[in-house]
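Novice: take a look and give me a structure for this.
(chains A and B)
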Amino acid sequence: MESHKQVVERLRVTFRSGVTLPIQFRLAQLEAMLSMLEDNEAQIIEALHEDLAKPKFEAVLSEIHMVVNDLCYTINNLSTWMQPSYVGTNLATMLDDCFIRMEPLGVVLIIGAWNYPLQLIVLPLIGAIAAGNCAILKPSEISPSTEKLLAELIPKYLSKDCYAVVCGGPEETKSLLENRYDHIFYTGSQSVARCILQAAAVYLTPVTLELGGKCPCLLYGHLDMKAAAKRLVWAKFFNVGQSCVAPDYVLCTAETRDLLIPFIKEALESFYGSEPQQTKDLGRIVTDRHWNRLVELLKRSEGKVVIGGQSVKEEKYIAPTVVVDVQESDALMQEEIFGPILPILTVKSLDEGINFVNEREKPLALYVFSDEIQIVTTVLERTSSGGFCSNDGIVHMSLPGLPFGGVGASGMGSYHGRWGFETFSHKRGCMLRGWVLERVNVLRNPPYTESNLSWLRWATTAKKRGWAGCSVM
Amino acid sequence: MERQVVDKAREAFQSGKSRSLPYRKQQLRALHRLITEHQADIAQALKQDINKSVHDTTLFELIGLENDIKLAESNLADWAAPWPARKNLGSANDDVYIKPEPLGVVLIIGAWNYPWALTLQPLVGAIAAGNAAVVKPSELSEHSARLLKELLPQYLDEEMYPVVTGGVPETQELLKQRFDHIFYTGNSTVGKLVLEAAAPHITPVTLELGGKSPCYIDRNCDIAVACRRITWGKFANCGQTCIAPDYILCEASIQDRIIKEIGNTLREFYTEDAKNSPDYGRIINTRHFDRVMALKEGCTVAIGGESDGSQCYIAPTVLRDVLPHFKIMQEEIFGPLLPITTVDNLSEAIHFINKREKPLALYVFSSDKKVIKRMLTETTSGGVTVNDVMMHYTLNSLPFGGVGNSGMGRYHGKHTFDQLSHHRACLIKSFAMEGLNDARYPPLTAARVRRAKIVLQSRFCRCSGMCVWAIISTIVSIALLIALLVVLL
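Specialist: Model prediction:
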């Protein structure tokens, strides 16, 4: 079996051969990935079910379909994205060809996560392939069925010389990180992200980090409580709360909370029935360790459970749970929940809610429910987050035209659609000059004179709005 | 002390002052005034730092900076405005856009070779993007650092844009603090330290580093003009430019001609006695002087070679028949030594370049379009100028930055604004269209899956956009043709 070093070397040799550069090659690989998903949909759904008890609906919508969508979008637009983009010139450079050329980086490392084990590794791979790179994939070992399936399918459908899957746990990841890459793309936790940044520093490798955090959900002002509750419940309990963009906690006034809870109850019942443990439409916690963490969190919480609270260890089941009277210092507010527990904190005013959010790390997503556009705008203007969605949750990440990524502690860089292509590309600034106008060039040469300087200043200083400026002729 | 400065800058940022566009414009205008009102002082400081001539000061430091300020000022409203993004059927009624937002407190660490441009151009973008910024000019260009520390607070909001001077200990102390972005210009050794310092805080970093920028001269080109342009770029600022052509690659048959042309040009630019030319610079300090001199080891001098340690003067020097294993080919020269390495042909030149770290800049001189195309498509580098050197740096609509060992990230013009902004994805929905949403709620039936797929799909078919438009426009034109025929007949 190949060592990691050998895999990286092999891919680097392939990359140097130039085989990934032509658009036909890239499109062929993307089309092959499409076939991979279409041919193996049933197996993928099965693997996701084994890993997370993921309902078929969720597997299709949030995993397979998201990837297929991005694939089609990329295939349809790749030739446009690959075109050099010509930039504005000025007097001094108006006879020159000045453009930005999109170039691949080389060999990239993509480390996936377990909560959406297909999507979170294949979506970055689409960007990497589209941009002309070779890639090593390291799926999460915590979702072993999907990991195994990917290890089997990727070499079957995609070029083995360009794309490799490496399986294993933290030790293997550590060993992988000892090698040199041209970009590292990591989805996961902040603590591991720090290690990755340290490893990348050795080789000056750029990194994209898709992390998480506590995504706040503010409800304020006049709103359609029933619709808000449905959307909130859907976003929170999708994948049993194990989404990096799930609304982590709610901030609202006490009055809103009292009006909201019955609607949440109603929505939960309409979604999962009166016995959520029985429905096939609710997933399970990924491992015993994660289940223990969540049950422990709930135990340590000093809030009051008003909905749910039940858990069954053998099934890794936790009921959709809502907790009220949660204070800032509560256990539930100290870490990202990543599970089906929704704390509701009360604030007296929108200002207090905004300040609460701003005192914390910048989240990956921020949600506001309100019919009043003023309130939505105020929250948007006065906070920061990776992404923002009003009157719904999660869905902003399904739009391939929007960049998906964090800011501050929730991550750096972005992807999806064209953003993925750009993440894995180098934007090379190119200026093609001719041999004419050497007389003008003479102005810049020593021996320096005042009059040459004034002419050059005139020719190169930006005057008009929108004209590119040029210095130094 | 450093901690307090950063804390104060963060407080200033959190006050929300810098979010206002008029505030940002006012700061940019003030920065512009600083430069125009103190041109003479800046030139004087640069003369003392690195023997830079007044002309070099204007040309290489100030014009680009002024252009960036003017561009930012006049385009700020456009740059800061949200721009719409593509929707799908499910979001047809929604507002979908990308909103540029400030990051917070940015640390800018400048370099000593162009202490004003390389420290203040990032600041222009930081201000324009609405950030606070801690500015740390290089201590090696100490007169410029001192002048900047004195002047900046007189023109700009002192708490929002503090200047911190000092050497390694002060920089290390600064790097322990938490920033929302770090922008570093310098060498790759310190670049790695910056990345290591940023890691615990998960701070994004822009690194403008360097490397050996190759310069390939094809035998099929105007060699005299090529050599003039190369000479200009190589020996400006005494070779201490991150994008100076580091070494020449050419076929052996043209080496002598190249040496002759460069020699002619050097005499024309700096006279026979470059030491006494007012237009020729000096090495920044003794340490770098010694470093550059040591690189000559084992080389054959074709032009120049003289030096005077007391002045940190090294004559414009060309070295011939340099072999790949020579010391001078192992590190970035950053001085007025120009090695020529011969290759058999273009393929060998490309291979030579690709065996090495990705450079910050790459230069190719040729009248043959095929040669240029091969160089562009078979190599990579931060940026490229063809048939000249360094000029791609000067056009601020081109992104300027490195790749691989030469750096990460890019700036100049709007690119700085983008680099120091967060592009926040925004989806503004209403409570309407709940019926559509219904498709995604459990209990989950096959019918719901089908409906949800349609709503979330970004395209109706897998054919390209052009293809769809082609079909639609063909149908429309046929319809129009039929209508026309009906009318005529």
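
Novice: pLDDT on stretch B:125-132, on average?
Specialist: Mean pLDDT, stretch B:125-132: 98.

Novice: the closest residue to residue A:321 other than its chain neighbours and residue A:315: what is the separation?
Specialist: The spatial neighbour of residue A:321 that comes closest, neighbours along the chain excluded (CB to CB, 6 or more residues apart in numbering or on different chains), is residue A:308 at 3.5 Å. (Each C-beta comes from the backbone N, C-alpha and C, glycine too.) Using CB to CB, to the nearest Å, residue A:308 is found at 15 Å from residue A:315.

Novice: with residue A:350 instead?
Specialist: The spacing between residue A:350 and residue A:315, counted by CB to CB, is 41 Å.

Novice: pLDDT score for the residue sitting nearest the centre point of chain B?
Specialist: The residue lying closest to the centre of chain B (CA atoms, centre = their mean) is residue B:400, at 2.7 Å. For residue B:400, the pLDDT comes out at 97.

Novice: chain center to stretch A:110-127, what's the gap?
Specialist: With CA atoms, centre = their mean, to the nearest Å as the basis, stretch A:110-127 stands 9 Å off its chain's centre.

Novice: could I have the CA atoms of it written out in PDB?
Specialist: This file holds the C-alpha atoms of stretch A:110-127, laid out as PDB (Å, rounded to 0.1, in the frame of the first residue of the first chain):
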ATOM      1  CA  ILE A 110      -9.700  18.100   1.300                       C
ATOM      2  CA  ILE A 111     -10.600  16.900   4.700                       C
ATOM      3  CA  GLY A 112     -14.300  16.100   5.100                       C
ATOM      4  CA  ALA A 113     -16.700  16.000   8.100                       C
ATOM      5  CA  TRP A 114     -19.100  13.400   9.400                       C
ATOM      6  CA  ASN A 115     -22.400  15.300   9.600                       C
ATOM      7  CA  TYR A 116     -22.900  15.600   5.800                       C
ATOM      8  CA  PRO A 117     -20.200  13.100   4.900                       C
ATOM      9  CA  LEU A 118     -20.900  13.200   1.200                       C
ATOM     10  CA  GLN A 119     -21.600  16.800   0.500                       C
ATOM     11  CA  LEU A 120     -18.800  18.300   2.700                       C
ATOM     12  CA  ILE A 121     -16.100  16.400   0.800                       C
ATOM     13  CA  VAL A 122     -17.500  16.200  -2.700                       C
ATOM     14  CA  LEU A 123     -18.600  19.900  -3.000                       C
ATOM     15  CA  PRO A 124     -15.000  21.100  -2.400                       C
ATOM     16  CA  LEU A 125     -13.800  18.400  -4.700                       C
ATOM     17  CA  ILE A 126     -16.000  19.800  -7.500                       C
ATOM     18  CA  GLY A 127     -14.300  23.200  -7.100                       C
END
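
Novice: look at residue A:350 and residue A:315 and report which has more neighbours.
Specialist: residue A:350 (22 against 12; other CB atoms under 10 Å in any protein chain shown).

Novice: excluding chain neighbours, what is closest to residue A:297?
Specialist: Nearest non-adjacent residue to residue A:297, counting by CB to CB, 6+ apart: residue A:331, 5.4 Å away.

Novice: tell me which helix or strand in the chain has the weakest average pLDDT.
Specialist: As the question left the chain open, I've gone with chain A. Here the helix or strand of chain A ranked lowest by mean pLDDT, DSSP states H and E is helix A:438-441, holding a mean of 76.

Novice: oops, wrong one, chain B.
Specialist: Lowest mean among helices/strands of chain B [mean pLDDT, DSSP H and E]: helix B:446-456, a mean of 69.
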